[in-house]
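J.: turn this into a structure:
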Amino acid sequence: QVQLVESGGGSVQAGGSLRLSCAASGYIGGRYCMGWFRQVPGKEREWVATIESDGITRHAVSVKGRFTISKDNAKNTLYLQMNSLKPEDTAMYYCAAGRSAVPGTCTYTYWGQGTQVTVSS
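T.: A predicted model of the protein is given here:
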């Protein structure tokens, strides 16, 4: 069983920065992947970024150039560095983990409880 605990959310003004963390416990094994998603009440969950076990990263077009996903294997922690934040980035942010059977794909099985990010104009 894998457990994920997010932290680092908060309130910030537009143009500011935040770094989200996701502490992971447990073992997935094999080729794994971790990612960030976000959701606004009343809207569908939106994929933000993914990092695979070999370090390959992908980011949604809406955040590319502003957000960076990374991981520290020694600390079993996933990060999302968010710069140049916009009001439309306001959402609950979720960490997720799963397996990548084929490079470039990810099946997410485990989810955290979320951390709120609020960006004011």
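J.: may I see the buried residues of stretch 45-55?
T.: Neighbour-count burial for stretch 45-55 flags 47-53 (criterion: 16 or more other C-beta atoms under 10 Å). (Glycine included, C-beta is placed from N, CA and C.)
J.: which residues does the most centrally placed residue in the chain bridge with?
T.: Against the mean C-alpha coordinate of the chain, by C-alpha atoms, centre = their mean, the closest residue is residue 36 at 2.2 Å. Using DSSP bridges, the beta-bridge partners of residue 36 come out as residue 49, residue 95.
J.: run through the protein and note the low-pLDDT ranges.
T.: Applying pLDDT under 70 to the chain flags no residue at all.
J.: can you pull out the strands in it?
T.: Applying DSSP state E to the chain gives strands spanning 3-7, 10-13, 18-25, 32-39, 46-52, 57-59, 67-72, 77-82, 91-99, 107-111, 115-120.
J.: which other residues reach stretch 15-29?
T.: Stretch 15-29 is contacted by residues 1-10, 12, 34, 36, 75-85, 93, 95, 97-99, 110, 112, 115, 117, 119 when judged by C-beta atoms under 8 Å, 6 or more residues apart in numbering.
J.: go on, stretch 88-95?
T.: Counting by C-beta under 8 Å, 6+ apart, 4, 6, 9, 20, 22, 24, 34-40, 45-46, 48, 63, 78, 80, 82, 111-119 sit against stretch 88-95.
J.: neighbours of the residue nearest to residue 109 when sequence neighbours are not counted, how many?
T.: With sequence-adjacent residues excluded and distances taken as C-beta to C-beta, 6 or more residues apart in numbering, residue 109 is closest to residue 98, at 4.4 Å. Look at residue 98: counted by other C-beta atoms under 10 Å, it has 19 neighbours.
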